[in-house]
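Undergrad: Just to be clear, the model below is a prediction. Sequence and coordinates:
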Amino acid sequence: IRSMRQTIKEIETNVAYRWFLGYNFQDKIPHFTTFGKNYVRRFKDTDIFEQIFYRILKEAMKKGFVDPSVAFIDSTHVKANANKKKYIKKTARVETRSYQEQLEKEINIDREAHGKKQLPPQDKEEEKEIKESKTDPESGYFVKDEREKLFAYSFHTACDLNGFVLGTLVTGANVHDSKVLDKIVNQVIEKVEKPSAVVVDAGYKTPYIAKYLSDQDIRPVMPYTRPRTKSGYMRKHEYVYDEYYDCYICPEGEILSYRTTTREGYKQYASDPKICKNCSLLSSCTQSKNYTKMIHRHIWEDYIEEADHLRHTEENKRLYAKRKETIERVFADM
């Protein structure tokens, strides 16, 4: 029933609805505006609808319809009711990542282990220019491709193997998927139960997410992502990482030794230009004018590598194939 006015009319004459709501034949049904005003005044900024949602979900779980052992997570964009040409440009503070403190701590531990100075904490707040809609300031300016630019929302959603929604978060469409995953998983853990595996697409394949899921003892199910290497150049996997000596070995057997760890958490490994200068593979190895090959490795790269190993297991293949009939179906239905 598409409107509150029509719903109230139905309740007045439908015995089943009266019984469900606890009204007898003589009771007067409230005017439709009563609900409309309550919706705006009493229910605004409360979690009443979320409570109702989880109450119904719990009933479905008791009956065995819901299987939350695996959570499928993705997001979809929903256009905001806002003119894309009516906006103001604003300078906004870049939100610090939820794991920033943990990352900085581990960067400094890594730098100390390599005999480098600790990086001083960043006091300066990062800022960026954003477009804010005059009609709907909570939406985010979203650029899908060259043709499509609009104000929209992102509906970040988790569902189970049977397509039941387990949790959802709404953000502006300019918030990247990977920044929200830990919040959604925490919501599912708190309100439903801890899944044994989480299935996501390539947008969520970051070192932090792989580490976060591993720390929670949740199996990451992530897809293959093509290396972003220029055509004609050797790919990163062709350089072997030696964990014991903390260095990379190139296809010619030469060593790329550790240089430094950056503020973003990437360890840099560089080759010896004197050796590289006369190498037969130089043209397919680097474009560097000073004959130095540089490789970056995140301090949490091990977790991504583990997720890539799991990708070849039958379990991961089976679960990833279910994405199209679970989370994609949820968005199609919506």
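TA: Nice, thanks for sending it over.

Undergrad: My read is that Gly167 contacts Lys191, right?
TA: Yes - the pair Gly167 and Lys191 qualifies as a contact (CB atoms under 8 Å) at a distance of 6.4 Å. C-beta: built from backbone N, CA, C; applies to glycine.

Undergrad: So which of the two has more stuff around it?
TA: When Gly167 is set against Lys191 and neighbours are counted by other CB atoms under 10 Å, the residue ahead is Gly167, at 25 against 16.

Undergrad: Please name the bridge partners of that one.
TA: Bridge pairing for Gly167 (DSSP bridges) gives the partners Ala158.

Undergrad: Show the contacting residues for it.
TA: Thr157, Ala158, Ile184, Gln187, Val188, Lys191, Val192 (CB atoms under 8 Å, 6 or more residues apart in numbering).

Undergrad: Which one of these sits in the busiest neighbourhood?
TA: Most crowded among those, counting by other CB under 10 Å, is Ala158 at 27 neighbours.

Undergrad: check contacts around that residue.
TA: Ala71, Phe72, Ile73, Val165, Leu166, Gly167, Thr168, Ile184, Val185, Gln187, Val188, Ile327.

Undergrad: just Ile8 next, same as before
TA: Ile29, Pro30, His31, Phe32, Phe35.

Undergrad: Would you mind measuring from it to Lys236?
TA: From Ile8 over to Lys236 the distance is 63 Å, taken as CB to CB, to the nearest Å.

Undergrad: for Lys62, same thing?
TA: 49 Å.

Undergrad: just Lys267 next, same as before
TA: Distance from Lys267 to Lys236, by CB to CB: 13 Å.

Undergrad: next one: Val188
TA: 33 Å.

Undergrad: what's the answer for Pro227, then?
TA: Taking CB to CB, one finds Pro227 at 6 Å from Lys236.

Undergrad: Among those two, which residue is more densely surrounded?
TA: With neighbours defined as other CB under 10 Å, Pro227 and Lys236 compare such that Lys236 has more, 13 against 10.

Undergrad: Tell me how far the one helix or strand Val185 maps to lies from the chain's centre.
TA: Of the helices and strands defined by DSSP states H and E, Val185 is found in helix 181-191. Centroid separation between helix 181-191 and its chain, computed with CA atoms, centre = their mean, to the nearest Å, is 12 Å.

Undergrad: what ranges do the strands span in the stretch 101-250 of the chain?
TA: 127-133, 140-143, 149-159, 165-172, 197-199, 219-221, 240-242, 247-249 (DSSP state E, counting those that start in this stretch).

Undergrad: can you pull the buried residues of the fourth one?
TA: For strand 165-172, burial by neighbour count (16 or more other CB atoms under 10 Å) applies to Val165, Leu166, Gly167, Thr168, Leu169, Thr171, Gly172.

Undergrad: Per-residue pLDDT of the spatially most central residue of the chain, please?
TA: Nearest to the geometric centre of the chain sits Ser178, at 2.7 Å (CA atoms, centre = their mean). Here, the pLDDT recorded for Ser178 equals 85.

Undergrad: so it makes contact with Ala202?
TA: No - using CB under 8 Å, Ser178 is not in contact with Ala202; the gap is 10.2 Å.

Undergrad: ok, Tyr258 - contacts?
TA: By CB under 8 Å, 6+ apart, the neighbours of Tyr258 are His114, Asp246, Cys247, Lys267, Gln268, Tyr269.

Undergrad: Mind doing that once more with 6 Å?
TA: When contacts are counted by CB atoms under 6 Å, 6 or more residues apart in numbering, Tyr258 is found next to His114, Asp246, Tyr269.

Undergrad: List the buried residues in whatever helix or strand the last one lives in.
TA: So the one you mean is Tyr269. For Tyr269, the host element (DSSP H and E) is strand 266-270. For strand 266-270, the buried set under the neighbour-count rule, 16+ other CB under 10 Å, comprises Tyr266, Lys267, Tyr269, Ala270.

Undergrad: again, but for stretch 3-16
TA: Those would be Ile8, Ile11, for stretch 3-16 by 16+ other CB under 10 Å.

Undergrad: can you pull out the helices in this structure?
TA: Applying DSSP state H to the chain gives helices spanning 4-13, 15-21, 32-41, 48-62, 100-113, 181-191, 207-215, 273-276, 282-285, 301-310, 314-321, 327-333.

Undergrad: The strand holding Tyr269 - which strands sit beside it in the sheet, and in what orientation?
TA: Its sheet considered, strand 266-270 pairs with strand 255-261 (antiparallel), strand 294-298 (antiparallel) by DSSP bridges.

Undergrad: Which positions in the longest one come out as buried?
TA: By 16+ other CB under 10 Å, the buried positions in strand 255-261 come out as Leu256, Tyr258, Thr261.

Undergrad: ok, now stretch 226-240?
TA: Residues of stretch 226-240 classed as buried under the neighbour-count rule (16+ other CB under 10 Å) are Met234, Tyr239.

Undergrad: Can I get that stretch in CSV, CA atoms only?
TA: Only the C-alpha atoms of stretch 226-240 are listed here, as CSV (Å, rounded to 0.1, in the frame of the first residue of the first chain):
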residue,chain,number,x,y,z
ARG,A,226,44.5,-7.3,-12.4
PRO,A,227,47.9,-5.7,-11.6
ARG,A,228,47.9,-2.0,-12.8
THR,A,229,51.2,-2.4,-14.6
LYS,A,230,51.8,-0.6,-17.9
SER,A,231,51.6,-2.9,-20.9
GLY,A,232,55.0,-4.3,-21.8
TYR,A,233,56.5,-4.0,-18.3
MET,A,234,57.1,-6.9,-15.9
ARG,A,235,54.5,-7.3,-13.1
LYS,A,236,55.1,-7.1,-9.4
HIS,A,237,54.6,-10.9,-8.9
GLU,A,238,57.6,-11.5,-11.1
TYR,A,239,59.8,-10.0,-8.4
VAL,A,240,60.0,-12.4,-5.5
